[in-house]
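Chemist: Fold the following for me, if possible:
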Amino acid sequence: MAIERTVHIHEATGQTFESTFVADQAAGAQPGILLFPNFFGVKEWDYAKAETLVAEGYKILVTDLYGQGKRATDMESASALMHELVEDRAVMRERLQAALAELKSLPGVDANKTGAIGFCLGGKCVLDLARAGGDIKGGVSFHGVYDAPPFPNAVITAQLLICHGWEDTLCPPEATVGLAQELTEAGVDWQIHAYADTPHGFTADGTPNFREKANRRSWKSALDFLHETLG
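Modeler: Have a look, this model is predicted:
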């Protein structure tokens with residue numbers, strides 16, 4: 001297997017974005033997955049996670065959410081970029097739909113078998129792409145944020161897996177139950193896996209919030225879910 005990283009420039013909402021396509025091009029047609037990073041944006045951690053997914057039989061677009069040249073260097077700049085993105089959920093939705101269209105157009109991606117995974121802010125993006133009626137088979141949110149956009153959802157066709165730390169102060173129990181109620185009312189095929197003694201950001205190894213057991217269990221659940229929904 002020869003995994004390649006290819007910079008991919010694309011346009012959306014009047015801006016230019018610089019995402020990275022991670023794939024084994026010799027493998028032929030395979031399901032494609034959008035990988036939405038956490039609020040720090042695209043980084044080596046995301047490329048390594050993408051390569052793990054390539055080894056499972058997928059082609060991955062590590063998605064630039066902020067725009068070409070907009071990169072976080074510390075907590076302050078990351079927070080500013082995140083707030084700029086989420087302050088207009090309609091624009092955010094357009095960017096997510098455009099990213100999906102780009103994924104479907106890439107060489108070797110089976111456009112009929114696409115999905116999305118995301119971490120933290122990226123988990124919110126997975127949910128908003130599904131809420132927008134994004135044509136994905138399945139989406140996985142790791143310690144995402146669950147507040148719905150301030151406008152009606154489209155018809156949600158994606159199956160969803162939400163991997164949630166029960167001690168996540170950004171999404172307390174009432175927010176998690178609220179998401180379950182929202183998805184149930186929308187007729188979604190959903191799963192929520194909640195992990196004990198687990199805070200927000202539990203997949204971020206090297207940080208105080210990392211939880212090895214929840215990280216390992218959630219990743220196994222995600223792979224099982226992706227294999228079931230995408231093949």
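Chemist: Can you list the strands that the longest strand belonging to the chain pairs with?
Modeler: For the chain, the longest strand by residue count, based on DSSP state E, is strand 109-119. Sheet partners assigned to strand 109-119 using DSSP bridges are listed as strand 30-36 (parallel), strand 138-142 (parallel).
Chemist: elements contacting whichever helix or strand comes after it?
Modeler: Next along the chain after strand 109-119, taking DSSP states H and E as the criterion, comes helix 121-131. On a contact count with 3 or more CB pairs under 8 Å, 6 or more residues apart in numbering; DSSP states H and E, helix 121-131 meets strand 30-36, helix 75-86, helix 89-105, strand 109-119, strand 138-142, strand 159-165. To be clear about C-beta, it is placed using only N, CA and C from the backbone, and glycine gets the same treatment.
Chemist: need the longest helix for this structure.
Modeler: Ranked by residue count and defined by DSSP state H, the top helix of the chain is helix 212-230.
Chemist: Touching, T229 and G115? I think so.
Modeler: Yes - T229 is in contact with G115 according to CB atoms under 8 Å; the separation is 6.3 Å.
Chemist: Give me the common contacts of those two.
Modeler: Common contacts of T229 and G115, defined by CB atoms under 8 Å, 6 or more residues apart in numbering, comprise 137-138.
Chemist: More neighbours: which of these two?
Modeler: It is G115, of T229 and G115, that has more neighbours when counted by other CB atoms under 10 Å, with 27 against 20.
Chemist: so what's the more buried one bridging to?
Modeler: With DSSP bridges as the rule, G115 is bridged to I33, G138.
Chemist: Run a quick check on it versus G134, I expect a contact.
Modeler: No - with contact defined as CB under 8 Å, G115 and G134 do not form a contacting pair (9.9 Å).
Chemist: intersection of neighbour lists for the two?
Modeler: A158.
Chemist: if we can go back for a sec, between the strands paired with strand 109-119, which gets nearest to V54?
Modeler: The closest of the strands paired with strand 109-119 to V54 is strand 30-36. By CB to CB, the value is 8.7 Å.
Chemist: which residue sits farthest out from the middle of this structure?
Modeler: Residue farthest from the centre of the chain, counting by CA atoms, centre = their mean, is A26 at 25.3 Å.
Chemist: Which pLDDT does the model give the spatially closest residue to S218 that is not a sequence neighbour?
Modeler: The shortest distance from S218 to any non-neighbouring residue, by CB to CB, 6 or more residues apart in numbering, is to C163 (3.9 Å). The per-residue pLDDT reported for C163 equals 98.
Chemist: ok, C163 - contacts?
Modeler: Going by CB under 8 Å, 6+ apart, C163 touches 140-143, 193, 195, 214, 218, 221-222.
Chemist: buried subset of those residues?
Modeler: 140-143, 195, 214, 218, 222 (16 or more other CB atoms under 10 Å).
Chemist: How about the residue positioned nearest the centre of the chain: what's its closest non-neighbour residue?
Modeler: Note on the chain: the residue nearest the mean C-alpha position is G118, at 2.2 Å, using CA atoms, centre = their mean. Leaving aside its chain neighbours, G118 sits nearest to F36 (3.3 Å; criterion: CB to CB, 6+ apart).
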